[in-house]
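>>> Prediction below, plus the sequence it came from.
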Amino acid sequence: MTRPGSKDILLVTGMSGAGKSTTLKTLEDLGWEVVDNLPLLLLDRLLATAQPPSGGDNARPLALGIGAQTRDFDPDTIVKRIKTLRADHGHDIGTLFLDCSGAELERRYSETRRRHPLALDRPASDGIARERELLAPLRRWANRLIDTTSLSSNELAQKIRSTFAREGLSGPTLSVMSFGFARGLPRDADLVLDVRFLRNPHWDDALRPGTGLDADVSAYIIADPAYAEAMAAIDAMILLLLPRYRAEGKSYVTIAFGCTGGRHRSVHVADRMAKRLRDAGFSPTVTHRDLGAASQDSLEAIPVTPIIV
């Protein structure tokens, strides 16, 4: 019984408190379909269910969270089921086991004031010992093991991203926008760059009706003596930051370029930056927030106020 659209399945199991929830959440952010604590008797039914409409060539792999608290949990039965799915149905199944030292697990339970699921009326150490014994067959079977004893939640998430990221989904969703300071700051911007240091086409009567997407307006802006050096520095900064945002697991990054009215300089620079990012392998979307606004001398005359990024 095969699952239409995808044959990639990852079983995520391990010690309670070792990071299963963090792992599954990170996989979900990476585009995996995630199901936690699924009773084994429902596995065939899940695998027979068609992918959502977004499937097809872009079908999502499936991550199944299984632990000692899962209904009808039986490690030996799970191992046999994995063998059957591999041999008879062609599923590519991996097993990730999250381990952690007993002392560290006790510390985590004490710190969070949670009870161990297998020792609700006894010390956490009793539940940890019992669970370790129960999970021994899965630990021996697993083809991937991560020891989280010395890892923070953020470090574990980074490790999961680097190991299981799907191409095209491993980085943040990237947006580039232009705006006019005179019409207010964008509320969702992560980086705001002020390009009002470039000479302003608004004060050229021939260029005023145009926008930063027009060739003559762009040529006017590019001719500014500070342009080349400033753009090189901005490129270097953004290309340095984006991989770091990715490593930190940031899901969305919006880079906003602002000029006074939002029609000329910021539009040109945002459009240019989007092309530069595409050349570097990114897929940004571009929004020109104030491009349709009417050009007004009263707005362009507003004094320049430095913006610190």
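Nice, I can see it. Numbers count the residues shown, from 1 in each chain.
>>> what does stretch 35-42 rub up against?
Stretch 35-42 has contacts (CB atoms under 8 Å, 6 or more residues apart in numbering) with 20-21, 24, 46, 62-67, 69-74, 77-78, 81. In short, each C-beta sits where N, CA and C put it, glycine included.
>>> can you do 6 Å?
24, 64-65, 70-72 (CB atoms under 6 Å, 6 or more residues apart in numbering).
>>> now the closest residue to residue 226 other than its chain neighbours: how far from residue 218?
Once flanking residues are discounted, residue 226 sits nearest to residue 197: 6.3 Å by CB to CB, 6 or more residues apart in numbering. Separation of residue 197 from residue 218 (CB to CB, to the nearest Å) stands at 17 Å.
>>> and what of residue 200?
Distance from residue 200 to residue 218, by CB to CB: 14 Å.
>>> what does residue 251 give?
32 Å.
>>> repeat for residue 19
Counting by CB to CB - residue 19 and residue 218 are separated by 50 Å.
>>> Looking at the two, which is more packed in?
The residue with more neighbours, out of residue 19 and residue 218, is residue 19; 26 against 21, by other CB atoms under 10 Å.
>>> next one: phi and psi at that one?
When quoted as degrees, to the nearest 10, the phi and psi of residue 19 stand at phi 120, psi 20.
>>> Go through the strand or helix carrying residue 107 and flag the buried ones.
Per DSSP states H and E, residue 107 falls inside helix 102-112. Across helix 102-112, burial judged by 16 or more other CB atoms under 10 Å covers 104-106, 108-109.
>>> Beyond that helix, next helix or strand please.
For helix 102-112, the following helix or strand on the C-terminal side (DSSP H and E) is helix 124-141.
>>> counting contacts, what elements does that following helix pack onto?
Helix 124-141 sits against helix 75-89, helix 102-112, with contacts defined as 3 or more CB pairs under 6 Å, 6 or more residues apart in numbering; DSSP states H and E.
>>> Just the ones of the contacts of stretch 35-42 in strands?
Among the contacts of stretch 35-42, the members found in strands (DSSP state E) are 64-65.
>>> what about burial for the contacts of stretch 35-42, which qualify?
Using 16+ other CB under 10 Å, the buried ones in the contacts of stretch 35-42 are 24, 64-65, 70.
>>> Now do stretch 181-199: distance from first to last residue.
16 Å (CA to CA, to the nearest Å).
>>> now do stretch 165-181
Note: stretch 165-181 ends 38 Å apart using CA to CA.
>>> what do you get for stretch 108-123?
Termini of stretch 108-123 sit 13 Å apart (CA to CA).
>>> do the same with stretch 189-202
With CA to CA as the measure, the first residue of stretch 189-202 is 25 Å from its last.
>>> hmm, who's touching that stretch?
Counting by CB under 6 Å, 6+ apart, 207-208, 217, 220-221, 224, 253-260, 264-266, 269, 300, 304, 307, 309 sit against stretch 189-202.
>>> For the residue of the chain positioned farthest from its centre, give me the pLDDT.
Within the chain, the residue lying farthest from the chain centre (CA atoms, centre = their mean) is residue 205, at 45.4 Å. Residue 205 carries a pLDDT score of 92 in this model.
>>> Distance check, it against residue 258.
24 Å.
>>> for the protein, what are the low-confidence residue spans?
1-7, 48, 50-59, 86-91, 166-171, 249, 295-309 (pLDDT under 70).
>>> Now for residue 234: which residues touch it?
No contacts exist for residue 234 under CB under 6 Å, 6+ apart.
>>> Give me the three-state assignment for it.
What DSSP: H, G, I helix; E, B strand; the rest coil gives for residue 234 is helix.
>>> Which stretches in this protein count as strands?
Assigned by DSSP E, the chain shows strands spanning 8-14, 33-36, 62-65, 92-99, 144-147, 173-180, 191-194, 252-259, 285-288.
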